[in-house]
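Colleague: predicted model, plus sequence, below.
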Amino acid sequence: MRTRGRPSRRLPWLLAPLCALPAAGCDVNKALERLSEARHLAADLHVQFSRASDASSRAVMADTDEASVAFAREAVQAKEALQKDSAALQPILQTLGYSDEIRFLEQFDQRFAAYRKLDDTILELAVENTNLKAQRLSFGPGQQEADAFRDALVAVPADGANGWRARALAAGAVASVREIQALQAPHIADLDDAVMTQIEKRIASAEASARSALAGLGPLVPPGSRGGLAAASAALDRFMAVNAQVMALSRRNTNVRSLVLSLNQKAPLVTACEESLNALRDSLTRHGYNSSRYDQK
């Protein structure tokens, strides 16, 4: 059996942590209501932070512009909802007089400010998708113009005494264009400016070789076949124009930069924010009515 009278003697002591209000007194029901609301807001803070962090990561990893923009928008909305929760929670904690919880919330707000500043930069880079766009140009229009260059040279007659030399020059020109194609991929993937500069020098050298081979073919083909060489030269010009776009987009490096920031700098900030949120949640759970204390026999 319960010991009669014990709950009434213990009630003020049990509710003391719940209601640290001024000497004017404490409305227990109101305090319980505020505590419940504080717990709800603290839980939603954690949900919205996780949602923002996950959406940001998906924006970085998305393989289309549409997906990147959609995930970035979701991250922004979650961060805005989080800040509303924090603003609503602060006065409740102050009314309850919860100094530890106020400290944990302020700590989270400071850490989240640093997180948000970095995350805004990450999302701005991610939605540009310059590396992805460079890759699509390389594999799409770039591939088409390289093939057009090859096909134009294949159509040029290479007979007679100089046929072997003409075929060798044509093959060398095609090989130079293929080398440029092969160099585009590492340029798109690399983050080091110095490495990209070296790749661009190799591309310039390969272009010079291709143009030199075309110039050498001129005297070796019949006059009636010069149109084929002109078509090959035009295809090479178009290919190099695409390559210039690829290089410019690759230099922006927004996908690579956003990924590096997300992995190297964002992760520690996420951990710090979650530590503050966990401390806030755990501290709030220690307040309020504990029924086990009433059930002692």
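Modeller: Arrived safely, thanks for sending.
Colleague: any low-confidence regions in this structure?
Modeller: Scanning the chain for pLDDT under 70 picks out the ranges 1-26, 158-161, 288-297.
Colleague: show me the helices in it, by range?
Modeller: For the chain, the helices defined by DSSP state H cover 6-15, 28-61, 65-96, 99-128, 130-137, 143-154, 163-189, 193-217, 226-252, 254-261, 267-285.
Colleague: list the contacts for Glu179?
Modeller: Glu179 makes contacts with 202, 206, as judged by C-beta atoms under 8 Å, 6 or more residues apart in numbering. All C-beta atoms are positioned from the backbone trio N, CA, C, and that covers glycine.
Colleague: same thing with the one 4 residues further on?
Modeller: For Leu183, the contacting residues are 199, 202-203, 206, by C-beta under 8 Å, 6+ apart.
Colleague: relative to Ser176, how far out is it?
Modeller: Separation of Leu183 from Ser176 (C-beta to C-beta, to the nearest Å): 11 Å.
Colleague: pull the contacting residues for Gly140.
Modeller: Residues counted as contacts of Gly140 (C-beta under 8 Å, 6+ apart): none.
Colleague: how many neighbouring residues does Lys79 have?
Modeller: By other C-beta atoms under 10 Å, 23 other residues sit near Lys79.
Colleague: the closest residue to it other than its chain neighbours: neighbour count?
Modeller: Distance criterion C-beta to C-beta, 6 or more residues apart in numbering; nearest residue to Lys79, sequence neighbours excluded, is Ala52 at 4.8 Å. Ala52 sits with 25 neighbouring residues when counted by other C-beta under 10 Å.
Colleague: residue contacts, Ala52?
Modeller: Neighbour list for Ala52: 75, 78-79, 82, 119 [criterion: C-beta under 8 Å, 6+ apart].
Colleague: now swap in Leu132 and tell me
Modeller: Contacts of Leu132 by C-beta under 8 Å, 6+ apart are 63, 65, 255.
Colleague: do that again at 10 Å, thanks
Modeller: Shown in contact with Leu132 (C-beta atoms under 10 Å, 6 or more residues apart in numbering): 62-65, 68, 126, 188, 249, 254-255.
Colleague: what do you get for Ala126?
Modeller: Applying C-beta under 10 Å, 6+ apart, we find Ala126 in contact with 56-62, 68-69, 71-72, 75, 119, 132, 254-255, 257-259, 261-262.
Colleague: can you rerun that using 8 Å?
Modeller: Contact analysis of Ala126 by C-beta under 8 Å, 6+ apart lists 56, 59-60, 62, 68, 72, 254-255, 258.
Colleague: of those, just say which sits nearest to Gly142.
Modeller: The closest of the contacts of Ala126 to Gly142 turns out to be Asn255 (C-beta to C-beta; 17.9 Å).
Colleague: how much space separates Val246 from Val221?
Modeller: Where Val221 is concerned, Val246 sits at a distance of 31 Å (C-beta to C-beta).
Colleague: the more surrounded of the two?
Modeller: Neighbour count, other C-beta under 10 Å: between Val246 and Val221, Val246 has more, with 25 against 21.
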